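Asker: how does the following fold in three dimensions:
(chains A and B)
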There are 2 protein chains.
Amino acid sequence: MKIHIIGIGLIGGSFALGIRSAFPDVEIVGTDASETNLEQAKQLSLIVNSAEIEDVKSADVVIVAVPVNVATEVVKKVLDHISDYTLVFDAGSTKAQLCEEIADHPKRRNFLAAHPIAGTEFSGPGAAIPNLFSNKTNIICEVEKTAFKLQEKGLEIFQKLGMRIRYMDPQSHDRHIAYVSHLSHISSFMLGKTVLEKEKNERDIFDLAGSGFASTVRLAKSSPAMWSPIFQQNKKNVLETLNEYIHNLSEFKKLIENDDFQEVYREMERTNHITSILNGIN
Amino acid sequence: MKIHIIGIGLIGGSFALGIRSAFPDVEIVGTDASETNLEQAKQLSLIVNSAEIEDVKSADVVIVAVPVNVATEVVKKVLDHISDYTLVFDAGSTKAQLCEEIADHPKRRNFLAAHPIAGTEFSGPGAAIPNLFSNKTNIICEVEKTAFKLQEKGLEIFQKLGMRIRYMDPQSHDRHIAYVSHLSHISSFMLGKTVLEKEKNERDIFDLAGSGFASTVRLAKSSPAMWSPIFQQNKKNVLETLNEYIHNLSEFKKLIENDDFQEVYREMERTNHITSILNGIN
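Answerer: Purely as a prediction, here's the structure:
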């Protein structure tokens, strides 16, 4: 099997490591906008060789793991060049715009729209992890638009990497992911900003921060190049989550202002209930 | 050495485990408002016996680890009953009100105001951990008001538990801790609330949540009985942090509304800088 990975960073590189471990005979080549990334990917043995996008015609599977603002263009270009038997899947955090823009491509049936819910706050080939996808959810959109044989090929890879599959339409995906992923990143970035602004002249104050602060602000280390296009493509849903989040914070603030600490207590108690729901997430 | 711990939950219980490991000959007794907690603390060998508050007169060290709304009253009562040679320290997340209210107590010099920056989102004796305080910061306020010999006794315990000490006045403590701890808890609780409200009829949507969401919402599992009084006692500072946080979120929202994704990118890039600052925190 020959795999061609386009975008050989945290996600693309982790696919390389996971797939080579599950399919020992695989040959993996890579394309990346950054020469430095390509060199590093070769040194780390994520890929055996660099390749041009046009080389996808000799691949069995093409994985597109680039920021969502260039994903559509890359997927189209890949579909223009592949053979009839090549599976192409992506890994982006937004799905509606991509699915819409490639809907009429003559090779639409070669494409599987995927979103593995996996990642860390780090980026680049050096951040790739062998078991990143193990026990993670992979959301697949519009599965019925992919040729049956190619669905099977994709599912075989996902299952060997240990992923569980959820099927969803692109609009629902984008709406729900805005809540359980995109909003977390904004809350974390703005928490980081608020504390940095306050404490900019007192760097050693961060000495006082504990694991709780580190946990809530962890996502503020994430890559702007990846996240800014996500907020752009999912603008409508992200704004909705932000409105509701700001509203809830303002209401909580009012309770404190009015010394209604009984209701502050109840608000937190009701939210504690999230513990049982989250038990399945590591 | 005889230690009397009042409030034998996550913090009190972890002190018990850490101190017994560092001082093998120690005898530890405990007081708790909950009979269930006391029984569990005995079963877990955190304490050898339960005791009344009045029994503090026979203790060498008294540790007060109760929610901050009752801490002042408990510390006063303890100081009323101790010997001249007993050290009393607390572990609360607010310091200004406590320090002010006990300022004129005849046994003020027996008290050391402490705040170990350590904890988890869990509570109760079952949540106690042997090395909770290892490599953590302990903030000590108004150290000059504690008798020198008793300062030494406290420092010996903190050092044997592996803590680093920072000295600070109570007002600065409360102001800085509002940023690096209290605000994180509110941002996390309200994030949990926002997602729960949206997804209440679609429980399996949480299946889609990844480690990023789990990390930012972790503190929403925290105890309302502990946190509601903290927000009450630190009302002024907490409201200030909330105002700034809500302001920053609203400004970020405006950038998205106005399609200014270049500035969205820059905002995140500037905040990325928090990575280097946080490197010291686990």
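Asker: chain B contacts on the stretch 1-150 of chain A?
Answerer: Applying C-beta under 8 Å from any C-beta of the partner chain, one finds that the stretch 1-150 of chain A approaches chain B through A:Ile117, A:Ala118, A:Gly119, A:Thr120, A:Glu121, A:Lys136, A:Thr137, A:Ile139. Using the backbone N, CA and C atoms, a C-beta is placed for each residue, glycine as well.
Asker: one more pass at 10 Å, please.
Answerer: Within reach of chain B by C-beta under 10 Å from any C-beta of the partner chain, the stretch 1-150 of chain A has these residues: A:Asn69, A:His115, A:Pro116, A:Ile117, A:Ala118, A:Gly119, A:Thr120, A:Glu121, A:Phe122, A:Lys136, A:Thr137, A:Ile139.
Asker: does the lengthiest helix in chain A reach chain B?
Answerer: Scanning chain A for the longest helix, with DSSP state H as the assignment, gives helix A:235-257. Yes. Helix A:235-257 lies within reach of chain B by C-beta under 10 Å from any C-beta, at A:235-236, A:238-253, A:255-257.
Asker: for the residue positioned nearest the centre of chain A, which three-state class applies?
Answerer: In chain A, the residue lying closest to the centroid (C-alpha atoms, centre = their mean) is A:Ser93, at 4.6 Å. Following DSSP: H, G, I helix; E, B strand; the rest coil, A:Ser93 is assigned to coil.
Asker: equivalent analysis for A:Val29, please.
Answerer: strand.
Asker: and it, how many neighbours?
Answerer: 22 (other C-beta atoms under 10 Å in any protein chain shown).
Asker: what sits against the closest residue to it other than its chain neighbours?
Answerer: Of all residues beyond its chain neighbours, the one nearest A:Val29 is A:Ala51 (4.1 Å), with distances taken as C-beta to C-beta, 6 or more residues apart in numbering or on different chains. Under the criterion of C-beta atoms under 10 Å, 6 or more residues apart in numbering or on different chains, the neighbours of A:Ala51 are A:His4, A:Ile5, A:Ile6, A:Ile28, A:Val29, A:Gly30, A:Thr31, A:Asp32, A:Leu38, A:Ser58, A:Ala59.
Asker: filter the residues you listed to the buried ones?
Answerer: A:His4, A:Ile5, A:Ile6, A:Ile28, A:Val29, A:Gly30, A:Thr31, A:Asp32, A:Leu38, A:Ala59 (16 or more other C-beta atoms under 10 Å in any protein chain shown).
Asker: which two among those are spaced furthest apart?
Answerer: A:Leu38 and A:Ala59 (16.6 Å; C-beta to C-beta).
Asker: quick one on the thing from earlier: the residues of the stretch 1-150 of chain A next to chain B into JSON lines, with extra columns for neighbour count?
Answerer: Listed next are the residues of the stretch 1-150 of chain A next to chain B as JSON lines, based on neighbours: other C-beta atoms under 10 Å in any protein chain shown:
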{"residue": "A:Asn69", "neighbour count": "18"}
{"residue": "A:His115", "neighbour count": "25"}
{"residue": "A:Pro116", "neighbour count": "25"}
{"residue": "A:Ile117", "neighbour count": "24"}
{"residue": "A:Ala118", "neighbour count": "23"}
{"residue": "A:Gly119", "neighbour count": "25"}
{"residue": "A:Thr120", "neighbour count": "18"}
{"residue": "A:Glu121", "neighbour count": "20"}
{"residue": "A:Phe122", "neighbour count": "15"}
{"residue": "A:Lys136", "neighbour count": "20"}
{"residue": "A:Thr137", "neighbour count": "19"}
{"residue": "A:Ile139", "neighbour count": "22"}
